[in-house]
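>>> All I have is the shape, not the residue letters:
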């Protein structure tokens, strides 16, 4: 499956956010042919789901700004390059995505790819914004690593939040009153799980690193853990089931 065309006109160091991209995304069909319009649709759906969820709990919600960049970018967390992959910066509460990462996911990581796999990546970064709003990220010590570290728990919870959104994706209305995502198939879910497995610490260490798996250096969780927590979120549709910090919780 080929990638849709990406955001044009950006040179190294330049950024554009989804509101700028949205100005040229006027039809639902564009989300199937233009990658930036696809991302805009996913972000709008995430905004809709999480704003409604926070409202039901009487918690103030501020959606994150989602930025596209090429090559490198300056953020509230410092400078970053395309090598970083998509990331969330708690320093400015914004998401940063170099669209070339989605091609690399298929070519370098060997992921199956596809729209829902890409949506998982975005929903995961959005999950970090939810954690920042709730103060969950403050429970993690900087530089902490290991299979049960706070760093891993934070990443697995973001995977779970991504699954929760996926559960509700076909019922989140937009300004038009209709969901942006009309159908989620088992093939879509499998593609998301495939992507989760390709960015597990053990897979990256063994397949893209030196070949040796060192659990003491885990920062995101194993492939199995990432698949498990995404599945927990997807099957339950309940953010409360995503408490990876709970006492005695089995991380998998």
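Ah, there it is. Since this is a predicted model, take the numbers as computed values, not measurements. Numbers count the residues shown, from 1 in each chain.
>>> Counting neighbours, what do you get for residue 139?
11 (other CB atoms under 10 Å). Quick note: C-beta positions are derived from backbone N, CA and C, even for glycine.
>>> And it, how close does it get to residue 107?
36 Å (CB to CB, to the nearest Å).
>>> what about stretch 65-75, distance to the chain center?
The chain centre lies 15 Å from the centre of stretch 65-75; the measure is CA atoms, centre = their mean, to the nearest Å.
>>> Over to stretch 57-68?
14 Å.
>>> Check stretch 16-30 too.
That offset, for stretch 16-30, works out to 19 Å (CA atoms, centre = their mean).
>>> List the buried residues of that stretch.
16, 17, 18, 21, 22, 25, 30 (16 or more other CB atoms under 10 Å).
>>> all strands of the chain, in order?
According to DSSP state E, the chain carries its strands in the segments 15-17, 65-69, 72-75, 78-81, 87-89, 94-97.
>>> Now do the nearest residue to residue 141 once chain neighbours are set aside: how many residues are near it, please.
Once flanking residues are discounted, residue 141 sits nearest to residue 150: 6.1 Å by CB to CB, 6 or more residues apart in numbering. Neighbourhood size, residue 150 [other CB under 10 Å]: 19.
>>> same question, residue 238
Neighbours of residue 238 (other CB under 10 Å): 12.
>>> ok, now which ones touch it?
Shown in contact with residue 238 (CB atoms under 8 Å, 6 or more residues apart in numbering): residue 164.
>>> same thing with residue 211?
Contacts of residue 211 by CB under 8 Å, 6+ apart are residue 205.
>>> mind redoing it with 7 Å?
Counting by CB atoms under 7 Å, 6 or more residues apart in numbering, residue 211 touches no other residue.
>>> Break down the protein into its helices, ranges please.
18-22, 30-33, 35-56, 100-107, 115-134, 150-168, 186-198, 201-203, 223-236 (DSSP state H).
>>> Would you tell me which of those helices gets closest to residue 77?
Closest approach to residue 77 among the helices of the chain (CB to CB): helix 115-134, 11.5 Å.
>>> Okay, residue 242 and residue 161: tell me how far apart.
Residue 242 is 6 Å from residue 161, by CB to CB.
>>> now swap in residue 232 and tell me
10 Å.
>>> Which one's more surrounded, the two?
residue 161 (26 against 20).
>>> The more buried one touches residue 239, doesn't it?
Yes. When contacts are counted by CB atoms under 7 Å, residue 161 is listed as touching residue 239 (6.4 Å).
>>> any shared contact partners between these two?
With CB under 7 Å, 6+ apart, residue 161 and residue 239 have no common neighbours.
>>> what's the spacing between the closest residue to residue 220 other than its chain neighbours and residue 63?
Nearest residue to residue 220 in three dimensions, chain neighbours excluded: residue 155, at 4.3 Å (CB to CB, 6+ apart). Using CB to CB, we find residue 155 at a distance of 21 Å from residue 63.
>>> With neighbour numbers in mind, choose between the two.
The residue with more neighbours, out of residue 155 and residue 63, is residue 155; 27 against 19, by other CB under 10 Å.
>>> Spatially central residue for the chain, please.
residue 124 (2.5 Å; CA atoms, centre = their mean).
>>> For it, give me the pLDDT.
Reading off the confidence values, residue 124 has pLDDT 96.
>>> Skip the chain neighbours and tell me the closest residue to residue 245.
Per CB to CB, 6+ apart, closest to residue 245 is residue 153, 5.4 Å.
>>> which residues touch that neighbour?
244, 245, 251.
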